[in-house]
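return a 3D structure for these sequence lines:
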Amino acid sequence: MTPIAPTTSARPDISESTSGTSAAVACDEPVLEMSVVEKVRLAPEVVSLTLRSTSEEELPAWEPGAHIDLVMPGEMIRQYSLCGSVTDRSSYRVGVLRDPRSRGGSIFVHDTLQVGDSIEVRGPRNHFPLEPSSDYVFVAGGIGVTPMIPMAAQALSAGADFTFVYCGRSRESMGYLPELTERFGERLIVNADDESGLFDLTGYFRDPRPGTSVYACGPAPFLDATVSAASNWPSGSVHIERFEPLVVDESTKAEFEIVLGSSDTVLTVPKDRSVLEVLRDNGVRVLSSCSEGTCGTCEVSVLSGGENIEHRDTVLSPEEWDSGEMLMVCVSRCRGGRLVLDL
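Below is the predicted model:
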């Protein structure tokens, strides 16, 4: 590891969540002022950041699967999974992949953010919680390894059986490989594409293991292949976190109304506008980041009408979709009628 010195669609039986960049939370959500105390290059395109509060106060607690928002210049907000120790209340650790398709977030972290710099942090939030089980399979593709690290650590601490499958283009690109090898030993299965081709997910998941929970995170094709390979496993066995939005049928969009619960104000959401856009047009401030339904920043509580929600996010679980109690206002809509929002 090389320290970087400072310079001047979803199946109903698959639990899905996402990390990306938006969700409706109260605008007065606490913001932490934090400082970069360590920046380490783990791989050519991956850096690890360690952040501490500038006030040296104890940080909010979190559980495996949680992420934080980094608030960057130009009001960019990007989500990164916490991959440090849940018992460490003095610092947060995240890993950031330099994405060639970046809209500026990962480029800022890699090229501009340095040790000693301050950055605003929101959260943590968790849309990918680890449920209790006696046996797990953790499947990680590329940077999708980050939420899996604290999950595996918790499984180890709880005495659960688990296997950790870590896949990447090459060993050089798998920045967390040394750490995982040391911590998890024989529980770790490593697959480097340039050595042995794509990992045989179909073969690995051929025989269902009732009682085993599968947690997976990584690029969309990798997750799709995982879900397909484990399609014969018991319903509810597979839990995934996506970084990319769902592909949806745009022709189903309909005009509908939203009601602001605090004032009974009625607003119309046209077919070609999102709830988030209409709220902002009318002076209602809602935090958002990805505008793709992948990060959970714009999550808003629904007071009534939830049975008519057309969910288009990858953050909420199937059970949360069915409850009708929450709405990702950047992408999700209503099939008609009204939604009363807790705003």
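
use CA for all of it now, contacts and neighbours both
Noted.

which residues of the stretch 101-250 of the chain fall in strands?
Secondary structure of the stretch 101-250 of the chain (DSSP state E, counting those that start in this stretch): strands at 118-125, 135-141, 161-168, 188-192, 212-217, 238-242.

distance to residue 40 and mean pLDDT for the ones you listed - can I get that in CSV?
Shown next, in CSV, are the strands of the stretch 101-250 of the chain (distance: least, Cα to Cα, whole Å; pLDDT from 0 to 100):
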stretch, distance to residue 40, mean pLDDT
strand 118-125, 17, 92
strand 135-141, 20, 97
strand 161-168, 19, 98
strand 188-192, 22, 98
strand 212-217, 22, 97
strand 238-242, 25, 88
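
pipe these into a markdown table and attach mean neighbour count per row.
Shown next, in a markdown table, are these (neighbours: other Cα atoms under 10 Å):
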| stretch | mean neighbour count |
| --- | --- |
| strand 118-125 | 19 |
| strand 135-141 | 22 |
| strand 161-168 | 22 |
| strand 188-192 | 18 |
| strand 212-217 | 24 |
| strand 238-242 | 23 |
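
dump those strands into JSON lines; add distance to residue 111 as well.
Shown next, in JSON lines, are these (distance: least, Cα to Cα, whole Å):
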{"stretch": "strand 118-125", "distance to residue 111": "15"}
{"stretch": "strand 135-141", "distance to residue 111": "24"}
{"stretch": "strand 161-168", "distance to residue 111": "23"}
{"stretch": "strand 188-192", "distance to residue 111": "27"}
{"stretch": "strand 212-217", "distance to residue 111": "26"}
{"stretch": "strand 238-242", "distance to residue 111": "25"}
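
so, low pLDDT: which residues of the stretch 201-343 of the chain?
Across the stretch 201-343 of the chain, the ranges flagged by pLDDT under 70 are 243-249.

what's the longest strand in this structure?
strand 31-43 (DSSP state E).

what comes up buried for it?
32, 34, 35, 36, 37, 38, 39, 40, 41, 42, 43 (16 or more other Cα atoms under 10 Å).

and the fourth one, what's its pLDDT?
Per-residue pLDDT puts residue 36 at 98.

who touches it in this structure?
By Cα atoms under 8 Å, 6 or more residues apart in numbering, residue 36 lies in contact with 49, 50, 51, 52, 114, 115, 116, 117, 118, 119.

give the contact list for the first one.
Residues in contact with residue 49, defined by Cα under 8 Å, 6+ apart, are 36, 37, 38, 39, 40, 93, 94, 95, 96.

redo those residues as CSV? Include distance to residue 220.
CSV is the format used below for these (distance: Cα to Cα, whole Å):
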residue, distance to residue 220
36, 30
37, 32
38, 30
39, 28
40, 27
93, 24
94, 21
95, 19
96, 17
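
quick check, nearest of those residues to residue 84?
residue 93 (5.0 Å; Cα to Cα).

name the nearest residue to the closest one, ignoring sequence neighbours.
Nearest non-adjacent residue to residue 93, counting by Cα to Cα, 6 or more residues apart in numbering: residue 50, 4.5 Å away.

determine which two of the contacts of residue 49 are furthest apart.
So, those by Cα to Cα: farthest apart are 37 and 96, at 15.4 Å.

A strand includes residue 284, no?
No - assigned with DSSP: H, G, I helix; E, B strand; the rest coil, residue 284 falls outside any strand and is coil.

count the residues that sit near it.
Look at residue 284: counted by other Cα atoms under 10 Å, it has 14 neighbours.

apart from its chain neighbours, what residue comes closest to residue 341?
Computed as Cα to Cα, 6+ apart, the closest residue to residue 341 that is not its neighbour in sequence is residue 302, at 4.6 Å.

what helices or strands is the helix or strand encompassing the one you found leaning on?
Residue 302 belongs to strand 299-304 when assigned by DSSP states H and E. When contacts are defined as 3 or more Cα pairs under 8 Å, 6 or more residues apart in numbering; DSSP states H and E, strand 299-304 packs onto strand 326-328, strand 338-341.

nearest to residue 70, of these?
strand 326-328 (19.3 Å).

the following helix or strand past that closest one pairs with which strands, parallel or anti?
Sequence-wise, the next helix or strand downstream of strand 326-328 (DSSP H and E) is strand 333-334. Sheet pairing here is set by DSSP bridges, and for strand 333-334 it gives strand 309-310 (antiparallel).
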